[in-house]
Structures are given as C-alpha cells and as structure tokens.
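A.B. asks: what would the 3D arrangement of this be:
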Amino acid sequence: MRSSRFFFLLIGSILWGSVSAQIKLKTYTSQTDTFYWKKYEHFPKPARANLNKFTVRNGENALRAFLIKPPESFLGFSGDSIPGEWAKSMKKQLYPIDLNGDQLPDIVFNAAVKNGKGVVQIYLNRLDTFELVFEDWGYVSQLKRNKAGYCELTIGESTGQGDNLYFERSYTIRQEDHQLLFIRGKQTAIYKYTQRPGKYYDKPHTFTAQHDTLLVRASAGYIDAPYDPKLKTFGNTICGYTSAIGGAVLATEKDKNGIPWFFVEIYPDVHPVRSIFSDTGKYPTFIMGWVPREEIILK
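C.D. replies: Alright, predicted model coming up:
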C-alpha cells in the first residue's frame, strides 16, 4: 500500500502535463478543498525582531550622516522617491546599533523594499564612511548577544505562492579587531500550513528511512486528494524522495485512525523530487514535515 500510494502520487505529479490530457483528475477548488490545515495549529511566519531594543542613544548623528551621504549599495532601494521624502521614509527602517563594540553606531537596514521582498543590510561605521559587511534577502528574525558581544543573527523569509514557504537562515557573528564576520550556518524550510506538534521531544532522535521512496506531508495523516495545480501536488504531500533519507525526529502525533507519525527535520544531503520548496538547491536546506512512524528507523 505504501509503495503504490507513493508511486501513484509521484508519477501523477511528474507526468501531470501528459496525464491531464487523458484523465480528468479531481483538482483543488473551493468546493474540493479539504481544509485539512484548519483542523490544527499550523506554523506561524518567522517572527520579526524588535531592533529598537538594541539601538544606541547616540545613534541620531550616525543616521543623519548615513542619509546625507548614503552608500551606493543602499541607494538602489530609493526608487523614484523625492530625496527628502525618501530619507524620511528610510529612516524608519534604519537602526543604529553598535555591533562591533567600538562605540560607533553601525547601521542595520531591515526593510521591505519596492518589490515586496525584504532585505537586510549591515553597514559598519568607519567614521568617515559606512562599509557594507552583510546583505541577505528577508528580515531580521533574531539578533542575539552574549557577554562578549553580538554572536548570532537569524534571517527570516517567506516566499512561494502566496508567501506559503517559510525559511530561516542562521549566521554566527564573529568579531576580530572590531571587524565583523558573518558565518552562514543552517537553513530550514517549512510549509506555512504544516501541522505544529503539540509537544516536542526534549532531545531529538536521529533516524534513517526504511525505504528509498518516501512522501513527506504537511500534517500527520494520509490526504491524497485533491490535486492542487498551484502547488503541483496532491492532498497534504509537500515533497517526495527516491533515495533513502536521514534526519532528526522532533515530535510525534497520532492521526484520527491512531496511526503514529513523526515530525522530522530532513538532512539536506538528499534532494527531494517534485518538491513544493523552490530554490532549495542553491543552499543546503533542512526540510521539515510529517512522515509515518512505520517508515522510519530510529538510531
């Protein structure tokens, strides 16, 4: 049953263009919507950090100097705005934060730009100029510091059809002689209607898959219809694998029939096929979702 279900869905999605011309499949509409995601708590968009709590008191002069002579890399976000209005608008999205501990306010630009896609830029204050040392699409989700100074940055981003894919990227911040290094770490991806576990394990368990073929789902249960032409997938399926995967088990739930499921984080060494997660091939990405307990071997 497991193998036939996987191959039906996998072949159906991969060959959708040719199959649809011969067989009329039940597709996703407001009438066929199963609304499976309304039956449980799903994952929220990554939080947006409140950077005001990190700003320094003497930051006003640095902001003024930055806007009087903005770096060229920043001017690209000005659009067609009138200079005075542009500076006033941008100032609300600039944060003077002393990131490297040299008592000079650095500038963090954390904003949604004209195309609707967020961007984060970090400029170090060099007294007579501002040096761009970090740039990424998205927004600051977390900024952490310890006794030694700022140590970790997390970027959140929502993409895909209707911003339905959530990404988080972590960076370790390293300081060397008032220089800042941003070392990129883990990237995770999750579908916005993924079922949120009621309780996580205190310590994750590592696993490997029982078989080479495996479907990953947005919720703990088998929902194989209808076909969603926007996501190009069936039911609550979010991706499939044709090679054995491994990863970490974070939580467990039982479906309405009492079948146990695992909420997992899948290692990026194997790429999914026909996945709803776009652009994950550019950088190793840990995909999160639900798989049946019977398909998993705990280590």
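
A.B. asks: count of residues packed around residue 44?
C.D. replies: Residues lying near residue 44 (other C-beta atoms under 10 Å) number 9. Yep, even glycine has a C-beta here, placed from its N, CA and C like the rest.

A.B. asks: kindly report the same for residue 291.
C.D. replies: Residues near residue 291, counting by other C-beta under 10 Å: 24.

A.B. asks: so who does it touch?
C.D. replies: 209, 214, 215, 216, 217, 261, 262, 264 (C-beta atoms under 8 Å, 6 or more residues apart in numbering).

A.B. asks: from those residues, which is closest to residue 127?
C.D. replies: residue 264 (49.8 Å; C-beta to C-beta).

A.B. asks: list the buried residues in the helix or strand where that closest one lies.
C.D. replies: Using DSSP states H and E, residue 264 sits within strand 260-266. Of all the residues in strand 260-266, those buried under the rule 16 or more other C-beta atoms under 10 Å are 261, 262, 263, 264, 265, 266.

A.B. asks: tell me which of these is nearest to residue 286?
C.D. replies: Nearest member of the buried residues of strand 260-266 to residue 286, counting by C-beta to C-beta, is residue 265, at 5.1 Å.

A.B. asks: quick one: contacts for the closest one?
C.D. replies: Contacts of residue 265 (C-beta under 8 Å, 6+ apart): 188, 204, 247, 248, 250, 286, 287, 288.

A.B. asks: right, and residue 228 touches residue 238 too?
C.D. replies: No. Checked against C-beta atoms under 8 Å, the pair residue 228 and residue 238 is beyond contact range at 10.6 Å.

A.B. asks: when those two are compared, which one has more neighbours?
C.D. replies: residue 238 (27 against 19).

A.B. asks: residues touching the more buried one, list them.
C.D. replies: Residue 238 neighbours (C-beta under 8 Å, 6+ apart): 191, 194, 216, 217, 218, 275, 276, 277, 287, 289.

A.B. asks: are any of the residues you listed buried, and which?
C.D. replies: By 16+ other C-beta under 10 Å, the contacts of residue 238 give 191, 194, 216, 217, 218, 275, 276, 277, 287, 289 as buried.

A.B. asks: okay if I get those as TSV plus distance to residue 89 and secondary structure?
C.D. replies: Shown next, in TSV, are the buried ones among the contacts of residue 238 (distance: C-beta to C-beta, whole Å; DSSP: H, G, I helix; E, B strand; the rest coil):
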residue	distance to residue 89	secondary structure
191	33	strand
194	35	coil
216	42	strand
217	43	strand
218	38	coil
275	38	coil
276	35	coil
277	34	coil
287	37	strand
289	39	strand
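
A.B. asks: just give me the residue closest to the centre of this structure.
C.D. replies: Centroid-nearest residue in the chain: residue 167, 0.4 Å away (criterion: C-alpha atoms, centre = their mean).

A.B. asks: may I have the beta-bridge partners of that residue?
C.D. replies: residue 157, residue 189 (DSSP bridges).

A.B. asks: ok, it to residue 208 distance?
C.D. replies: Look at residue 167 and residue 208: by C-beta to C-beta, to the nearest Å, they are 25 Å apart.

A.B. asks: strands paired with the strand holding residue 264, and their directions?
C.D. replies: In the sheet, strand 260-266 lines up with strand 246-254 (antiparallel), strand 286-292 (antiparallel) (DSSP bridges).

A.B. asks: to residue 100, which of the ones you listed lies closest?
C.D. replies: Nearest of those (C-beta to C-beta): strand 286-292, 29.9 Å.

A.B. asks: C-terminal to that closest one, what's the next element?
C.D. replies: strand 296-298.

A.B. asks: and stretch 45-55, what's buried?
C.D. replies: 46, 49, 51, 54, 55.

A.B. asks: next one: stretch 266-275
C.D. replies: Buried-residue list, stretch 266-275, by 16+ other C-beta under 10 Å: 266, 267, 268, 270, 271, 272, 274, 275.
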